[in-house]
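Peer 1: Predicted model, plus sequence, below.
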Amino acid sequence: MNHRSVRVIGMTVAALAGLAGLAGCGGGEPLDGSAPGPRPSAVPAYVAAYRAGYTAGKAVYDSSGKGAAVRETVWGGCTRRALQAGGAAEEDRGAWVRGCLGGVARAPEQLPTGPVTKRTTDAEMLERFRARARAEGETRQADHVRVLTVVQLTERDYDVELSTDYPAGPPGKPGAESLARGFVDWWDGDHGRDGTARNVLVLGADGKRLTAQRI
C-alpha cells in the first residue's frame, strides 16, 4: 500500500469519527448522558388565585391587625374583596377567598389541590324570584334572567349569579343595576340554603359581569 492510499484511509476514518461526534452532540442528550428533565408546567389557575388572595389577606392583616380576621371571616370581607381583585380572582373566586382567609389569619399556606369554586344552577330559586317580580309588576325585569347559579366559595359562603340576555357592555348598565337591587330587595334569609349569601352578580349575555351588589 503506497503512502497516498494510507493518507486517504486516515482522512476517511477521521471524517467518520467527526460525524459520529456531531450526531452525539445534536441528539438533545446532556453531555453527562442523563435524560433531559420535564419542562415546568404552568401554575394552575386555582393555585394562582389562592396565592393572590393569600397576599391580599396578609396585607389586610398588616394594616388592620388581629381584628381583621374576624371582619374578613365572619362578615364576609374576603368574599367581597374577591369581586374587586380582577382577573387574579375570576379564574377561581373560591380559591382566592380561601387564600385571603388564610392570609388574614396568618395561617400557613395550604395550596388547593384542585378548583375550589363550585357552581350549581337553581331553577326553583329563579322561579320564586320571578313569581315575586310578577306580583310586584316587575315581570319584564325578571324575564331577562336566563339562569340562576349558586356559586359556593367556602363551606359557608356563596354568591348568587344571574345570567341574563343583556348585551355585553361596560359595567353599571341601568337595567342590570335595577335587576340586582330587585333581587336584593326580594332576598330574605337564605331561602332554605345552608350558609350565607354574600353578593348577587348580574352577568351579560357574554358571561361577563355587568354589576354586583352586596346581599
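Peer 2: Nice, I can see it. Numbering: from 1, shown residues only.

Peer 1: what's near enough to touch residue 177?
Peer 2: The neighbourhood of residue 177, defined by CB atoms under 8 Å, 6 or more residues apart in numbering, consists of 202, 211. Bear in mind the C-beta positions are built from the backbone N, C-alpha and C, glycine included.

Peer 1: Just say helix, strand or coil for it.
Peer 2: Classification of residue 177 using DSSP: H, G, I helix; E, B strand; the rest coil returns helix.

Peer 1: if I look at it, how far off is residue 53?
Peer 2: Here the criterion is CB to CB, to the nearest Å. By it, residue 177 lies 27 Å from residue 53.

Peer 1: next one: residue 194
Peer 2: In this view, residue 194 and residue 53 are 23 Å apart by CB to CB.

Peer 1: Residue 115: how many residues sit nearby?
Peer 2: 14 (other CB atoms under 10 Å).

Peer 1: quick one on the thing from earlier: have a look at residue 194 and residue 53 and say which one is more surrounded.
Peer 2: Taking other CB under 10 Å, residue 194 and residue 53 do not tie; residue 53 has more neighbours (29 against 8).

Peer 1: what helix or strand does that one sit in?
Peer 2: Element membership for residue 53, per DSSP states H and E: helix 45-64.

Peer 1: That helix: which residues count as buried?
Peer 2: Buried residues in helix 45-64, counted by 16 or more other CB atoms under 10 Å: 46-54, 56-58, 60-61.
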